[in-house]
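Peer 1: Below are the sequence and a predicted model for it; my questions follow.
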Amino acid sequence: MSLIIHRNGDRPGVSGPANSFTGTVLISPVISAPAPASLRSVDVTFAPGARTFWHHHPVGQTLRVLSGTGLIALRGEAPHYIRAGDTVFIPPHVEHWHGATPTTAMNHIAMQEEPDGETVWLEAVTEDDFNRTPAA
C-alpha cells in the first residue's frame, strides 16, 4: 500500500444530517483509514446551540477541542464544559452528546475506531437536557 495524502480542500465538508444533529453543524473529513486500521476521524464545527443527538460508539470516542467552548454530557448526568485544548475520552457504549453552548460556537476533532460497527445514533437531546446547568 502507498502513502495516502489528502490535500486541504480536496474533500468538502457536509452539513450534519438532521437525523443525528440539532442546529447548524459542518462535518469535514479527516481520515477513514483503510483496513486493517479502523480509525475514523472528522472535524466538526457547531454553531451556537448546535449539538449531536444522543449516541454511542463500539470502542469509545476521543474528542479534541480546537476552538470555542462546548458541552458534553453522559446520559443522566449534567453536562460539562469543554474548551479549546481539552481532550475527552468517552468509553465504549456510553451514551452521550456533545456540541456548542447556547451562545458560543465550538470546533473539535472527533476520533473513533470502528472495527465492529458504526456509531449508534439515538434520539435528539431535549431542550431540558441541553439547558441543564453544567457541572462545575
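Peer 2: Yep, it's here. Remember, predicted model here, so these are calculated numbers, not experimental data.

Peer 1: From now on I want contacts and neighbour counts done on CA atoms only, so please keep to that.
Peer 2: Noted.

Peer 1: show me the residues around the residue nearest to Thr103 when sequence neighbours are not counted that make contact.
Peer 2: Leaving aside its sequence neighbours, Thr103 sits nearest to Pro48 (CA to CA, 6 or more residues apart in numbering; 5.0 Å). Listed by CA atoms under 8 Å, 6 or more residues apart in numbering, the contact set of Pro48 reads Ala100, Thr101, Pro102, Thr103, Thr104, Ala105, Met106.

Peer 1: Are we agreed that Pro48 is in a helix?
Peer 2: No. Counting by DSSP: H, G, I helix; E, B strand; the rest coil, Pro48 is not found in a helix; it is coil.

Peer 1: Could you check how far it is from Gly23?
Peer 2: Noted for Pro48: a distance of 8 Å to Gly23, by CA to CA, to the nearest Å.

Peer 1: Confirm that Asp129 lies within a helix, as I assumed.
Peer 2: Yes. Asp129: assigned to a helix according to three-state DSSP.

Peer 1: and it, how far is that from Ala110?
Peer 2: Using CA to CA, we find Asp129 at a distance of 22 Å from Ala110.

Peer 1: Looking at the two, which one has more neighbours?
Peer 2: Of the pair Asp129 and Ala110, Ala110 is the one with more neighbours under other CA atoms under 10 Å, namely 20 against 16.

Peer 1: Surely the more buried one and His57 touch.
Peer 2: No. Look at Ala110 against His57 with CA atoms under 8 Å: they stay out of range, at 11.5 Å.

Peer 1: Dig out what the closest residue to Met111 other than its chain neighbours forms beta bridges with.
Peer 2: In this structure, Met111 finds its nearest non-sequential neighbour in Ser41, 4.4 Å apart by CA to CA, 6+ apart. Under the criterion DSSP bridges, Ser41 forms beta bridges with Ile31, Met111.

Peer 1: who's in contact with Ser41?
Peer 2: Pro29, Val30, Ile31, Ser32, Ile109, Ala110, Met111, Gln112.

Peer 1: Identify the residues contacting the fifth one.
Peer 2: Contacts for Ile109 (CA under 8 Å, 6+ apart) come out as Ser41, Val42, Asp43, Val44, Leu63, Arg64, Val65, Leu66.
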